[in-house]
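Peer 1: The amino acid sequence is not available; the structure is as follows:
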């Protein structure tokens with residue numbers, strides 16, 4: 001291609017009529033110049049670094065691929081496999097032990113049972129709620145007796161006394177009254193059963 005701009009020629013100098021025109025050599029970018037220079041340099045010019053550097057880099061890559069990657073992969077695999085357990089624990093799922101067992105079995109079956117454990121951890125236990133009246137496990141619910149038992153209570157004489165003996169007595173009386181109530185209900189049911197159907 002030819003440049004169709006008007007040029008003024010003088011001996012030994014060719015100038016463009018544009019006011020800020022640069023010569024063609026300045027148009028080449030720095031990257032192009034570096035690429036051309038690297039192609040023209042002899043191969044021995046690149047041997048400035050240690051000649052065994054490639055072997056060292058390859059050794060590091062081998063150790064990472066053969067040792068570190070499997071350890072990381074196994075760790076991530078195990079962390080993902082205990083997610084249903086953690087979810088069930090957080091949601092106070094009444095079948096937490098069964099979900100834990102399913103997660104353990106899933107490890108032996110190559111993760112095939114893991115989606116079932118995941119779904120089970122997120123389900124609401126409808127049958128458990130029908131049977132026991134709640135959809136959470138009582139084993140996971142915190143009790144206030146444990147938190148208040150260790151706190152000292154100030155008396156009128158300002159000597160600290162602990163609440164633990166008083167709470168133990170309350171628990172024992174509650175337990176005794178519950179047992180009495182259950183025995184009375186049992187006797188009522190037995191008398192109904194032995195008397196037979198009323199006609």
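Peer 2: Yep, that arrived. In this text, all values refer to a predicted model and were calculated from it rather than measured experimentally.
Peer 1: Now the lengthiest helix in the chain: buried residues?
Peer 2: If you go by DSSP state H, the chain has its longest helix at helix 164-195. By 16 or more other C-beta atoms under 10 Å, helix 164-195 has no buried positions at all. No exception for glycine: its C-beta is placed from N, CA and C like everyone else's.
Peer 1: Domains of the chain: list them as residue ranges, please.
Peer 2: Here the domain parsing of the chain from automatic domain parsing is 55-134, 145-195.
Peer 1: rank those domains by pLDDT, which is bottom?
Peer 2: Per-stretch mean pLDDT for the domains of the chain is lowest at domain 145-195 (a mean of 70).
Peer 1: Could I get the full set of helices for the chain?
Peer 2: For the chain, applying DSSP H gives helices covering 24-27, 30-40, 53-63, 69-81, 83-90, 96-108, 114-122, 126-132, 144-149, 164-195.
Peer 1: could you say what helices and strands the longest one packs with?
Peer 2: The elements that helix 164-195 packs onto, with contact taken as 3 or more C-beta pairs under 8 Å, 6 or more residues apart in numbering; DSSP states H and E, are helix 144-149.
Peer 1: Ok, the fourth one next?
Peer 2: Taking 3+ C-beta pairs under 8 Å, 6+ apart as contact, the helices and strands that helix 69-81 lies on are helix 96-108.
Peer 1: Mind listing what's buried along the helix it packs on?
Peer 2: Of the residues in helix 96-108, 96, 99-100, 102-103, 106 count as buried by neighbour count, 16+ other C-beta under 10 Å.
Peer 1: outside of it, which residues touch it?
Peer 2: If you take C-beta atoms under 8 Å, 6 or more residues apart in numbering as the criterion, helix 96-108 is touched by 78, 81-82, 84-85, 88-89, 93, 112-114, 116-117, 120-121, 137, 140.
Peer 1: could the domains of the chain go into TSV alongside distance to residue 38?
Peer 2: Below are these laid out as TSV (distance: least, C-beta to C-beta, whole Å):
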stretch	distance to residue 38
domain 55-134	21
domain 145-195	73
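Peer 1: now for those domains, which one comes closest to residue 30?
Peer 2: domain 55-134 (28.5 Å; C-beta to C-beta).
Peer 1: for the closest one, how far is the first residue from the last?
Peer 2: Domain 55-134 has an end-to-end distance of 65 Å (C-alpha to C-alpha, to the nearest Å).
Peer 1: Residue 134 versus residue 124, what's the distance?
Peer 2: Distance from residue 124 to residue 134, counting by C-beta to C-beta, to the nearest Å: 11 Å.
Peer 1: Comparing these two, which shows the higher neighbour count?
Peer 2: residue 134 (13 against 10; other C-beta atoms under 10 Å).
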